[in-house]
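Colleague: Structure of the sequence below:
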Amino acid sequence: MPITTPPVYRRPDLPPRVRIWEVGPRDGLQHEPSVVPAAVKAELVTRLVASGLSTVEVTSFVNPSWVPQLADAEEVYSLLEPLLVRADGPRLPALVPNMAGLERATACGVRDVCVFVSATETFARRNLNRSRDEALAMSVPVVAGARAAGMGVRAYASMCFGDPWEGEVAPDDVVSVCTRLLDMGCDQVSLGDTIGVATSGQVIDLLDALARAGIGEDRLAVHFHDTYGQALTNTMTALSNGITTVDASAGGIGGCPFAKGATGNLATEDLCWALAGAGIETGVDLGGLVETSAWMASVLGRPSPSNVVRALGAALAGDARGVDAAEEEA
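Modeller: A predicted model of the protein is given here:
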């Protein structure tokens with residue numbers, strides 16, 4: 001019999017339950033070389049919700065000329081209306097870069113939004129074409145408007161561990177940005193290892209610096225990329241230091257355009273396998289999630305980057321072949 005679930009050995013240093021913030025439909029698909037049809041995006045979100053993911057980030061209301069892959073945000077949300085209107089439904093947030101984006105999101109009935117800033121000056125200027133202070137100032141009316149409308153607001157702080165131009169990032173720079181984001185009204189800040197260079201000791205050091213500044217783990221999430229194969233290790237380190245919200249991307253889709261050879265986001269399936277083995281609840285049906293990511297990989301026309309999708313998909317396929325053979329013999 002193939003092994004399709006990990007043996008469980010509870011780790012007392014880890015939280016009993018972890019909330020997964022699924023970013024595949026937005027952070028994953030925005031890097032695709034071709035545009036994925038809106039109906040496929042909506043089906044991906046629907047399948048992810050059906051697998052037990054309670055938070056699925058859908059898209060970004062960014063200027064279509066900047067990210068043409070996400071130009072169909074309104075159409076995607078219209079297809080997701082049955083989920084949006086449910087009072088007990090999933091959280092389906094969107095990234096909004098400015099007031100125009102917030103207005104579009106509001107018109108679609110979006111209840112949770114995210115803003116995005118950089119912890120480093122160089123990346124802010126190269127990616128957003130404005131200084132870090134200007135980017136933070138632009139977020140102020142967006143956060144205020146969202147809060148006034150009763151929306152939940154999350155912030156992404158990118159380049160928290162390393163910057164391709166500045167190198168290692170000082171924890172004080174990250175603390176300063178996080179403090180300003182929380183002070184302006186954000187509920188939570190997700191700490192992004194945008195180019196995937198962080199190591200576990202660095203993760204502990206940053207979380208300690210944030211704690212000294214009065215920023216508790218309940219107001220933080222982590223978002224690791226797997227460029228150097230450290231995303232899962234860094235995530236488990238963060239969990240052992242109090243973090244309970246983790247960003248991940250189904251099937252590991254998405255890339256990092258700032259680091260040559262980067263493999264993108266932490267795969268949700270790889271995270272779920274590790275958490276299940278540690279006895280941590282996520283509410284996710286791993287088998288259903290693997291089926292969804294295998295389907296999405298076929299749509300994209302390439303194998304899934306997720307180790308668990310490849311391994312578990314092969315194991316399940318082998319088990320199915322064994323059943324077929326037994327039925328033929330019978």
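Colleague: what sits against Leu29?
Modeller: By CB atoms under 8 Å, 6 or more residues apart in numbering, Leu29 lies in contact with Val36, Lys41, Gln69, Leu70, Ile253, Gly254. Just so you know, the C-beta spots here come from the backbone N, C-alpha and C atoms, and that holds for glycine as well.
Colleague: mind checking how far it is from Ala297?
Modeller: With the distance defined as CB to CB, to the nearest Å, Leu29 ends up 13 Å from Ala297.
Colleague: Could you pull out the residues contacting both of these two?
Modeller: With CB under 8 Å, 6+ apart, Leu29 and Ala297 have no common neighbours.
Colleague: quick revisit: of the contacts of Leu29, which belong to strands?
Modeller: Among these, none falls in strands (DSSP state E).
Colleague: and those, which of them are in helices?
Modeller: Those of the contacts of Leu29 mapping onto helices are Lys41, per DSSP state H.
Colleague: Including pLDDT, neighbour count and distance to Val117, could the contacts of Leu29 go into JSON lines?
Modeller: Output for the contacts of Leu29, formatted as JSON lines (pLDDT from 0 to 100; neighbours: other CB atoms under 10 Å; distance: CB to CB, whole Å):
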{"residue": "Val36", "pLDDT": "96", "neighbour count": "20", "distance to Val117": "27"}
{"residue": "Lys41", "pLDDT": "98", "neighbour count": "26", "distance to Val117": "26"}
{"residue": "Gln69", "pLDDT": "93", "neighbour count": "19", "distance to Val117": "22"}
{"residue": "Leu70", "pLDDT": "95", "neighbour count": "25", "distance to Val117": "19"}
{"residue": "Ile253", "pLDDT": "92", "neighbour count": "27", "distance to Val117": "24"}
{"residue": "Gly254", "pLDDT": "85", "neighbour count": "24", "distance to Val117": "19"}
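Colleague: tell me which of the contacts of Leu29 is nearest to Met138?
Modeller: When those are compared for distance to Met138 (CB to CB), Leu70 comes out closest, at 18.9 Å.
Colleague: The closest one touches Gly28, doesn't it?
Modeller: No. At 11.1 Å, Leu70 does not count as touching Gly28 under the criterion of CB atoms under 8 Å.
Colleague: give me the number of residues near the closest residue to Leu312 other than its chain neighbours?
Modeller: Once flanking residues are discounted, Leu312 sits nearest to Val290: 5.0 Å by CB to CB, 6 or more residues apart in numbering. Neighbour count of Val290, defined by other CB atoms under 10 Å: 28.
Colleague: Of all the residues in whatever helix or strand Val290 lives in, which ones are buried?
Modeller: For Val290, the host element (DSSP states H and E) is helix 286-300. Neighbour-count burial for helix 286-300, counted by 16 or more other CB atoms under 10 Å, picks out Leu286, Leu289, Val290, Glu291, Thr292, Ser293, Ala294, Trp295, Met296, Ala297, Leu300.
Colleague: tell me the contacts of the last one?
Modeller: Read it as Leu300. Here Leu300 is in contact with Glu32, Val36, Ile253 (CB under 8 Å, 6+ apart).
Colleague: can you redo those as CSV with distance to Ala146?
Modeller: Formatted as CSV, the contacts of Leu300 follow (distance: CB to CB, whole Å):
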residue, distance to Ala146
Glu32, 27
Val36, 27
Ile253, 27
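Colleague: ok, Arg125 - how many residues close by?
Modeller: Neighbours of Arg125 (other CB under 10 Å): 16.
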